[in-house]
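>>> here is my input, please return the structure:
(3 chains)
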Amino acid sequence: MDASSISITSLARIPDLIRTRHPLVHCLTNDVVKNFTANALLSVQAAPAMVEHPAEAGEFAAIADALLTNVGTLVEEQIHAIRAAVETANRNLKPWVLDPVAAGAISLRTGFARELSMMKPAIIRGNASEIMALAGVTAKGRGVDSGNASSEAVDAASKLAKSASCVVMVTGEVDYITDGKALRQCLNGDPLLTRVTGVGCAQGALAAACLAVCESPLEAALASAIIMGIAGEMAAEINQRPGSFQIALLDALDSLDADLIMKRGRIL
Amino acid sequence: MDASSISITSLARIPDLIRTRHPLVHCLTNDVVKNFTANALLSVQAAPAMVEHPAEAGEFAAIADALLTNVGTLVEEQIHAIRAAVETANRNLKPWVLDPVAAGAISLRTGFARELSMMKPAIIRGNASEIMALAGVTAKGRGVDSGNASSEAVDAASKLAKSASCVVMVTGEVDYITDGKALRQCLNGDPLLTRVTGVGCAQGALAAACLAVCESPLEAALASAIIMGIAGEMAAEINQRPGSFQIALLDALDSLDADLIMKRGRIL
Amino acid sequence: MDASSISITSLARIPDLIRTRHPLVHCLTNDVVKNFTANALLSVQAAPAMVEHPAEAGEFAAIADALLTNVGTLVEEQIHAIRAAVETANRNLKPWVLDPVAAGAISLRTGFARELSMMKPAIIRGNASEIMALAGVTAKGRGVDSGNASSEAVDAASKLAKSASCVVMVTGEVDYITDGKALRQCLNGDPLLTRVTGVGCAQGALAAACLAVCESPLEAALASAIIMGIAGEMAAEINQRPGSFQIALLDALDSLDADLIMKRGRIL
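Predicted structure coming up:
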């Protein structure tokens, strides 16, 4: 699939494809967001599964349609589980996403995220500071927060996409998505998306679900950006307080369809 | 208590018994659903407690009124904690529930769930594929989703109930509950219950709470089925979107009383 | 700062200080409440981060503005992570909170909470039974529930505050806060706060956020009590059911400002 051929019209098909095929997404993600991630996947009618034991994670990655790896609350056992799952996913040609939460801010996970980035993920999704850190560019991250605007990470994203031979997705006020050649942008979203924990992590899981039904990682990344972005806008129209917004966001993910994407989608 | 003597009238007493006695339910459950499980128990005014360290789990099982074991996100330390808690529960005559999440789909947990099923649980609660797998019948499970209708697992449930000398509860469109002799059904419920993560897991915890106040495991299983089923129907009448439904479900568990069970309960 | 100089007027500044400075709060807390804790911190515009690996926790504690340690679901690796984080926090003069969940009820965590209480926390926050257990007074705790009214723990709190050289906060119907000399009370709150899992744990996290912006631990403890108490009252005015109340509580934490604290705050 050519990058320039990905249009609002092609992206508008994706929610219905997920609803029809119910892709099984194996999530090795952090403790803070497991519940919200599972509910976000259920809202789009994907099937979440969190299988954590190192002796099970590999076996399960062969069954799942796609894999998410997120290093937000790494513990020793999860490091082994992620390695086992990634190896099986690669052997079985199952696409997977890397979410390098807080890479750059802490040494151990920075090293592990770099190791994973070289193991052929289909998509790396992070905020600007995380992507810059993975690309070896000095960044200003502070914990899970980006100290940089997403636009500052465009060059780093392109460099990382080339060196890791994958699609890199920098989420922020504007989402930038690149395979190292084409650069696409998604303008949908709302600042309230940063007031609920795990929205970025859930977007990584959504990208994995999209990988299972899309024609290319670039399309999957762009689809996940537009789906979460529009759902965020719809939720913010319902309620501006973060508790209610979180619930409205899950509802919006459920109600999103081709018409809404055609009407609201803003990509460049 | 004779299976046939369990009526809507006897089940209608259970919510108030839980509200009065606040049974302390020790939950060794999966990482995805701990928060929702605790909130579901608090909504019915049971007292949840998650005590995970192998050196604490045994000690705490002696204090609690009932125990839930759920193998959804097993890690090595939790395997030891579950064994310790089950041994203490049995020694202290505390009833416990086994929820064999994804048994059949993955080897390690299938073996561990079989081991637990032979350690005298009061209730085993699972979806059709999980119960069929535990009973040694070929099933079509895919991760946490059942590939089989609950009705397909009735024979397997009966076989498992006999071999494990416990009550087996197959939840699905219809909930089937058997002690190997009597077979009871609960028809309450709503498809939205499958769109929120952890509803089945919370039902296992609710079954443990019911065990602490009911006269028999059969009554406890049927009570948990009717409580979650009716709460699901009430929540679906409030809101059909999964985010809002989740909140309405917790509210409905709080508002459920004897009158509502008398009016809405549908058991066979 | 003199204890008697802490007034409603001085406390009313705190929500805006948090909103302006976004203190980064490193939370080593229990599995049940990580998501709710992160969302509560985001609602007041603090920045939550849960970094769990023993090899990362120490490094991260030096970056964060404050640290929360909560022993609710201790596992072996978390014990090492908490020790590492506390040592770094102390070395870097970062204030930290100890939440001794269920201390007294179970041996291992009681010993570990005692060890931590002697490592110079700025604030220890617990229910009456937990504080009494830490102070070496016989208590009636049952799991995470206090078997004692908060007023019963006032002497124990004072004793513990002196021996640990810190501020002790007993939360309950009335919140008692003492540095071993002054005793302050916060009367704000609502019984529904006990019907949502993790409110007490989130209050510990909020106390850590307040430590990062307040002039003294006594002021921080009192600020966290008044913020959670008033938010609870506001949420209970919106909805009396526990699911909806939980969401309204996050919304109320977001909307709380100096005017609302001036108008509603009730401290002695």
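>>> so where's chain A uncertain?
A:1-4, A:139-145 (pLDDT under 70).
>>> got the contact list for whichever residue of it sits closest to chain B?
Distances from chain A to chain B, computed as Cβ to the nearest Cβ, single out A:L250 as the nearest residue at 2.9 Å. The way it works is simple: take the backbone N, C-alpha and C, and place the C-beta from them, glycine included. Residues near A:L250 by Cβ atoms under 8 Å, 6 or more residues apart in numbering or on different chains: A:39-40, A:43, B:241-244, B:246.
>>> most neighbours among the residues you listed, which one?
A:A40 (30 neighbours; other Cβ atoms under 10 Å in any protein chain shown).
>>> in a strand, it, correct?
No: using DSSP: H, G, I helix; E, B strand; the rest coil, the assignment for A:A40 is helix, not a strand.
>>> which ones are touching the closest residue to it other than its chain neighbours?
Leaving aside its sequence neighbours, A:A40 sits nearest to A:A202 (Cβ to Cβ, 6 or more residues apart in numbering or on different chains; 3.9 Å). Contacts here follow Cβ under 8 Å, 6+ apart; on that basis A:A202 touches A:33, A:36-37, A:40-41, A:228.
>>> where does the residue of the stretch 151-268 of chain A found nearest chain C land in three-state SS?
For the stretch 151-268 of chain A, the residue closest to chain C is A:G243, as judged by Cβ to the nearest Cβ, at 2.9 Å. Under the three-state scheme (three-state DSSP), A:G243 adopts helix.
>>> what about it, distance to C:C201?
17 Å (Cβ to Cβ, to the nearest Å).
>>> do the same with A:S107
Taking Cβ to Cβ, one finds A:S107 at 29 Å from C:C201.
>>> close to chain C: what parts of the stretch 101-250 of chain A are there?
A:102, A:105-109, A:142-145, A:195-198, A:239, A:241-244, A:246-247 (Cβ under 8 Å from any Cβ of the partner chain).
>>> list buried residues within the residues you listed.
Among those, those scoring as buried are A:102, A:105-106, A:108-109, A:142-145, A:195-198, A:239, A:241-244, A:246-247 (criterion: 16 or more other Cβ atoms under 10 Å in any protein chain shown).
>>> so what's A:N188 up against?
Contacts of A:N188 by Cβ under 8 Å, 6+ apart are A:225-226, A:229-230, A:232-233, A:264-266.
>>> of all the residues in whichever strand or helix holds A:I226, which ones are buried?
Using DSSP states H and E, A:I226 sits within helix A:217-238. Residues of helix A:217-238 classed as buried: A:217-236 (neighbour count, 16+ other Cβ under 10 Å).
>>> likewise stretch A:200-218?
Judged by neighbour count (16+ other Cβ under 10 Å), stretch A:200-218 contains these buried residues: A:200-214, A:216-218.
>>> phi, psi for A:D99 please.
phi -120, psi 100 (degrees, to the nearest 10).
>>> same check on A:A103?
In terms of degrees, to the nearest 10, the main-chain angles of A:A103 are phi -60, psi 140.
>>> I'd say A:L116 and A:V86 touch.
Yes: in this structure, A:L116 is within contact of A:V86 by Cβ atoms under 8 Å, at 6.7 Å.
>>> shared neighbours, those two?
A:T69.
>>> got a list of what the residue nearest the centre of chain A touches?
Centroid-nearest residue in chain A: A:G204, 1.9 Å away (criterion: Cα atoms, centre = their mean). By Cβ under 8 Å, 6+ apart, A:G204 lies in contact with A:29, A:68, A:70, A:97, A:99, A:125.
>>> could you say which helix or strand contains it?
Assigned by DSSP H and E, A:G204 falls within helix A:199-211.
>>> what about stretch A:224-232 and chain B, touching?
No: with Cβ under 8 Å from any Cβ as the criterion, chain B is not reached by stretch A:224-232; the gap is at least 10.5 Å.
>>> that older thread, B:G200 versus the residue of chain A closest to chain B, what's the distance?
For A:L250, the distance to B:G200 - Cβ to Cβ - is 18 Å.
>>> check A:E87 too.
According to Cβ to Cβ, A:E87 stands 31 Å off from B:G200.
>>> and A:I227, by the same measure?
The gap separating A:I227 from B:G200 is 26 Å, by Cβ to Cβ.
>>> chain A: strands as residue ranges?
Counting by DSSP state E, chain A has these strands, from start to end: A:24-28, A:47-49, A:66-70, A:96-99, A:123-126, A:167-170, A:175-178, A:183-186.
>>> export those strands to CSV and tack on mean neighbour count?
As requested, the strands of chain A are exported to CSV (neighbours: other Cβ atoms under 10 Å in any protein chain shown):
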stretch, mean neighbour count
strand A:24-28, 28
strand A:47-49, 24
strand A:66-70, 29
strand A:96-99, 30
strand A:123-126, 30
strand A:167-170, 30
strand A:175-178, 26
strand A:183-186, 20
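>>> count the residues that sit near the closest residue to A:A212 other than its chain neighbours.
Among residues not flanking A:A212 along the chain, A:P23 sits closest, at 3.5 Å (Cβ to Cβ, 6+ apart). A total of 22 residues lie near A:P23 under the criterion other Cβ under 10 Å.
>>> and the angle from the helix holding A:I226 to helix A:199-211?
130 degrees (axes from the mean of the first three to the mean of the last three Cα atoms, to 10 degrees).
>>> C-alpha coordinates for helix A:217-238, PDB please?
C-alpha atoms of helix A:217-238 as PDB (Å, rounded to 0.1, in the frame of the first residue of the first chain):
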ATOM      1  CA  PRO A 217       1.400  -0.600   9.400                       C
ATOM      2  CA  LEU A 218       1.200   3.000   8.100                       C
ATOM      3  CA  GLU A 219      -2.500   2.600   7.600                       C
ATOM      4  CA  ALA A 220      -2.900   1.000  11.000                       C
ATOM      5  CA  ALA A 221      -1.100   3.800  12.800                       C
ATOM      6  CA  LEU A 222      -3.100   6.400  11.000                       C
ATOM      7  CA  ALA A 223      -6.300   4.600  11.700                       C
ATOM      8  CA  SER A 224      -5.600   4.300  15.400                       C
ATOM      9  CA  ALA A 225      -4.700   8.000  15.500                       C
ATOM     10  CA  ILE A 226      -7.900   9.100  13.800                       C
ATOM     11  CA  ILE A 227     -10.100   6.800  15.900                       C
ATOM     12  CA  MET A 228      -8.700   7.900  19.200                       C
ATOM     13  CA  GLY A 229      -8.600  11.500  18.100                       C
ATOM     14  CA  ILE A 230     -12.200  11.700  16.900                       C
ATOM     15  CA  ALA A 231     -13.400   9.700  19.900                       C
ATOM     16  CA  GLY A 232     -11.600  12.300  22.200                       C
ATOM     17  CA  GLU A 233     -13.300  15.200  20.400                       C
ATOM     18  CA  MET A 234     -16.700  13.500  20.700                       C
ATOM     19  CA  ALA A 235     -16.200  12.800  24.400                       C
ATOM     20  CA  ALA A 236     -15.000  16.400  25.100                       C
ATOM     21  CA  GLU A 237     -18.300  17.600  23.500                       C
ATOM     22  CA  ILE A 238     -20.200  15.500  26.100                       C
END
